[in-house]
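*Asks:* Need coordinates for the below:
(chains A and B)
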There are 2 protein chains.
Amino acid sequence: MDEIITLDYGSGGKKTARLIENSILPALDNPALRALNDGAVIPGAEQLVFSTDSFVVDPVFFPGGDIGKLAVCGTVNDIAMCGGVPKYLSCALILEEGFPMRDLERVLDSMKQASQKAGVQVVTGDTKVVERGRGDKIYINTAGIGFLKYPGLEPAAIRPGDKVLVSGTVGDHGTAVMLARSGMMQGELRSDCAALNGLAEKILSSGAKVRVLRDPTRGGAATTLCEFVEGGALGIELEEAQIPVRGEVKAACELLGLDPLYCANEGKLLCVVAPEDAETALAAMRACPEGENAAVIGTVTENYPGKVTLRTPLGGRRILQKLSGAQLPRIC
Amino acid sequence: MDEIITLDYGSGGKKTARLIENSILPALDNPALRALNDGAVIPGAEQLVFSTDSFVVDPVFFPGGDIGKLAVCGTVNDIAMCGGVPKYLSCALILEEGFPMRDLERVLDSMKQASQKAGVQVVTGDTKVVERGRGDKIYINTAGIGFLKYPGLEPAAIRPGDKVLVSGTVGDHGTAVMLARSGMMQGELRSDCAALNGLAEKILSSGAKVRVLRDPTRGGAATTLCEFVEGGALGIELEEAQIPVRGEVKAACELLGLDPLYCANEGKLLCVVAPEDAETALAAMRACPEGENAAVIGTVTENYPGKVTLRTPLGGRRILQKLSGAQLPRIC
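*Replies:* Below is the predicted model of the structure:
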């Protein structure tokens, strides 16, 4: 471990994982936390799902959303990916002295719109103010409570032959925010920031045998898929040609030296389903606006255990690792 | 409303209240949020209590505790004050680039100790890192879930003649942190930072008719008592001579120009009980280490509706207002 915290520890990739494993888990260990899912399924009568995220995105406003929308959708999605029906959110603000009241109201209005759309209520909150230079405009933490409706979604449920699906184009959020930050022209490029609880419900109620759902935020689709198989006996083989990426995202990534597979998404999910149910799941996704560009992008295999490999259109094959370093600091 | 956020909006006093009423509530309104309690009681089968707080205390380590202990105790206490039994916490870290790993581990160890002592588990979390100068070492958000055991604790339950009790000396946390921040000698002065769920359980199971419980953090005891009666037909008459204040706190407050009644507490509660039950409640408190200096400090009255008045030892009487301005920024 390093002696100080560097930006890499917030990447959502390898260093974040190391920090959690070496420092956080040993201190706070218990079975629910150890699952290291985006939300915790709490044992007990009502089978609660509980999740939290702090949002520190820079800039606060970006094409396709803002920190308020992100804070609602992010926590709603974490609960939905655990098979929960999200119901209640908390909202804790850390405001920097000097933040314009008008911007705060715009952010709160976004939270209102996003909450209504996702069918959740913000029921409790907190407001702190820090001096100029001790924060950056606004940081928002949301925690969320949902009720577990679809238990058993976890990487351990994946079987050989299963199909890997993505609900749409990858890399939209990360590239939109990076371009907004750099002040470059954005054209049509927008964050995909959206609540996915409706989409998840559609997939999970379709009858398809779903093994695991996850929204690939920090670290991107590649990091999430690596997490599905790491340390296990199975691997994932992706077909690069099948992975939907917008032309604008490809172009922006080339410009910025990024890889769309490692760019954050805020309105996409990855799901692994039984082979015979891939078409059912795909149809369920495509029936939702959030899933209209859904695609089957890969297969679970006993080759390359613990690894995610990418077959390129030219027939080459490369191994995808988890994100190392902070490709995109403060992307969410 | 001002055009920008100033430190006053984080005081826990009048401006914080105005921000909540004018901006946050209109955007996110619903019955649970509107109760404006420190935690929300969620309607539903299991009667959940849900609460959140972000902690931005400066300095991170202070006599009697640190930001980790505070983050656990603060949320545990908010749930306990709502009549809930706290069970599960989330923990979301916002780390500033350059924060020493050793300090992080010390904070996490404090969280571990405090969680074990309070009987709660941290089941989910999040870690973000911001650039140097965009945060201040470490900010921690905890949200907490508890199960409602003692419903109906609310200011509206207060009746004329009820007694007002405090569980111990006031102002310890605020003055300890201010002295630590100023680098002055602290002598014996320590924060009272402690989990109060055990104490609350003792009071609530004592048989005393308890109307309301609240931990007077930001804004201090005076602001909390004002919140109990504001806008209503009842007032509270306090006896200054009965309010326990440590000699060191008095001295520090004189030095710093503060009033102990407006200084934050992190291990004290105020409770209003039926007149005939004051002795029962007092005995229950004193049986706990956290309540050994408990005292009856006032009476609910129909005089001075909506106001809190303080009778001084010389027989004078002054009206206590809610804290205005930020007496103590970043105290928790």
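*Asks:* Report the central residue of chain A.
*Replies:* With distances taken as CA atoms, centre = their mean, the residue of chain A nearest its centroid is A:Thr217 (2.8 Å).
*Asks:* who touches that residue in this structure?
*Replies:* A:Gly12, A:Gly74, A:His173, A:Ala264, A:Asn265, A:Glu266, A:Cys332 (CB atoms under 8 Å, 6 or more residues apart in numbering or on different chains). Backbone N, C-alpha and C define where each C-beta goes, glycine included.
*Asks:* what subset of those is also close to chain B?
*Replies:* Residues of the contacts of A:Thr217 in contact with chain B (CB under 8 Å from any CB of the partner chain): none.
*Asks:* ok, which stretches of chain A are helices?
*Replies:* Under the criterion DSSP state H, chain A carries helices at the ranges A:14-19, A:25-28, A:31-34, A:67-81, A:101-118, A:172-182, A:197-204, A:220-229, A:247-256, A:278-286.
*Asks:* centre of the chain versus the last one, how much separation?
*Replies:* It refers to helix A:278-286. Taking CA atoms, centre = their mean, to the nearest Å, one finds helix A:278-286 lying 20 Å from the centre of the chain it belongs to.
*Asks:* which regions of chain A lie under the pLDDT threshold?
*Replies:* Applying pLDDT under 70 to chain A picks out residues A:44-46, A:185-186, A:326-327.
*Asks:* The same query, at a cut-off of 80, please.
*Replies:* Counting by pLDDT under 80, chain A shows low-confidence ranges at A:1, A:36-38, A:42-46, A:184-187, A:325-328.
*Asks:* Outline the domain layout of it.
*Replies:* Taking automatic domain parsing as the criterion, chain A consists of the domains A:29-148, A:155-320.
*Asks:* A:Gly84 touches A:Leu153, doesn't it?
*Replies:* No - A:Gly84 lies out of contact with A:Leu153 (CB atoms under 8 Å); the separation is 9.6 Å.
*Asks:* which of these two has more neighbours?
*Replies:* A:Gly84 (28 against 22; other CB atoms under 10 Å in any protein chain shown).
*Asks:* quick one: that one and chain B, what's the gap?
*Replies:* Shown here: A:Gly84 relative to chain B, a distance of 12 Å by CB to the nearest CB, to the nearest Å.
*Asks:* so who does that residue touch?
*Replies:* Shown in contact with A:Gly84 (CB under 8 Å, 6+ apart): A:Gly39, A:Val41, A:Leu48, A:Val49, A:Gly146, A:Phe147, A:Leu148, A:Lys149.
*Asks:* how far away is it from A:Asp78?
*Replies:* Noted for A:Gly84: a distance of 9 Å to A:Asp78, by CB to CB, to the nearest Å.
*Asks:* again with A:Leu199
*Replies:* From A:Leu199 over to A:Asp78 the distance is 14 Å, taken as CB to CB.
*Asks:* do the same with A:Gly198
*Replies:* When A:Gly198 is compared with A:Asp78 (using CB to CB), they lie 15 Å apart.
*Asks:* who has more neighbours, these two?
*Replies:* A:Asp78 (30 against 17).
*Asks:* Okay, strands next: where are they in the stretch 201-332 of chain A?
*Replies:* For the stretch 201-332 of chain A, the strands defined by DSSP state E, counting those that start in this stretch occupy A:210-214, A:235-239, A:270-273, A:295-301, A:308-311, A:317-320.
*Asks:* beta partners of A:Thr299?
*Replies:* A:Thr299 forms beta bridges with A:Lys163, A:Glu237, as assigned by DSSP bridges.
*Asks:* Might you enumerate the residues of the stretch 101-250 of chain A proximal to chain B?
*Replies:* Residues of the stretch 101-250 of chain A lying close to chain B by CB under 8 Å from any CB are A:101-102, A:104-105, A:108-109, A:111-112, A:115, A:121-131, A:133-136, A:139, A:141, A:143, A:145.
*Asks:* Can I have the buried ones of these as a PyMOL selection?
*Replies:* Buried subset of these, written as a PyMOL selection, criterion 16 or more other CB atoms under 10 Å in any protein chain shown:
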select buried, chain A and resi 101+104+105+108+109+111+112+115+121+122+123+124+125+126+127+128+129+130+131+134+135+136+139+141+143+145
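*Asks:* thinking again about what came up before, could you dump the domains of chain A to CSV with distance to B:Leu25?
*Replies:* Below are those laid out as CSV (distance: least, CB to CB, whole Å):
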stretch, distance to B:Leu25
domain A:29-148, 10
domain A:155-320, 22
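*Asks:* if we compare these, which one ends up closest to B:Arg311?
*Replies:* Shortest distance between B:Arg311 and the domains of chain A, using CB to CB, is found for domain A:29-148: 33.5 Å.
*Asks:* May I have the distance across the closest one, first residue to last?
*Replies:* Terminal residues of domain A:29-148 are spaced 22 Å apart (CA to CA, to the nearest Å).
*Asks:* ok now that domain, how far from the chain's centre?
*Replies:* In terms of CA atoms, centre = their mean, the centre of domain A:29-148 is set 13 Å apart from its chain centre.
*Asks:* Same question for stretch A:184-200.
*Replies:* Its chain's average C-alpha position is 12 Å from that of stretch A:184-200, according to CA atoms, centre = their mean.
*Asks:* Can you list the buried residues in that stretch?
*Replies:* A:186, A:189-200.
*Asks:* Which members of these define the maximum pairwise distance?
*Replies:* Going by CB to CB, the pair spanning these furthest: A:Gln186 and A:Ala200, at 28.8 Å.
*Asks:* Now for A:Gly219: which residues touch it?
*Replies:* A:Gly219 makes contact with A:Ser11, A:Gly12, A:Gly13, A:Thr16, A:Tyr262, A:Ala264, A:Lys322, A:Leu323 under the criterion CB under 8 Å, 6+ apart.
*Asks:* Leaving out chain neighbours, which residue sits closest to it?
*Replies:* The shortest distance from A:Gly219 to any non-neighbouring residue, by CB to CB, 6 or more residues apart in numbering or on different chains, is to A:Gly12 (3.8 Å).
*Asks:* Just give me the neighbour total for the one you found.
*Replies:* By the criterion of other CB under 10 Å, A:Gly12 has 27 neighbours.
*Asks:* next one: A:Pro313
*Replies:* Using other CB under 10 Å, A:Pro313 has 9 neighbouring residues.
*Asks:* Just the ones in strands from the contacts of A:Gly84, please.
*Replies:* Members of the contacts of A:Gly84 lying in strands (criterion: DSSP state E): A:Gly39, A:Val41, A:Leu48, A:Val49, A:Gly146, A:Phe147, A:Leu148.
*Asks:* Just the closest of those residues to B:Glu240, please.
*Replies:* Distance to B:Glu240, by CB to CB, is smallest for A:Leu48 among the ones in strands among the contacts of A:Gly84, at 45.4 Å.
*Asks:* Most tightly packed of the domains of chain A?
*Replies:* Highest mean neighbour count of those: domain A:29-148, a mean of 23 (counted as mean count of other CB atoms under 10 Å in any protein chain shown).
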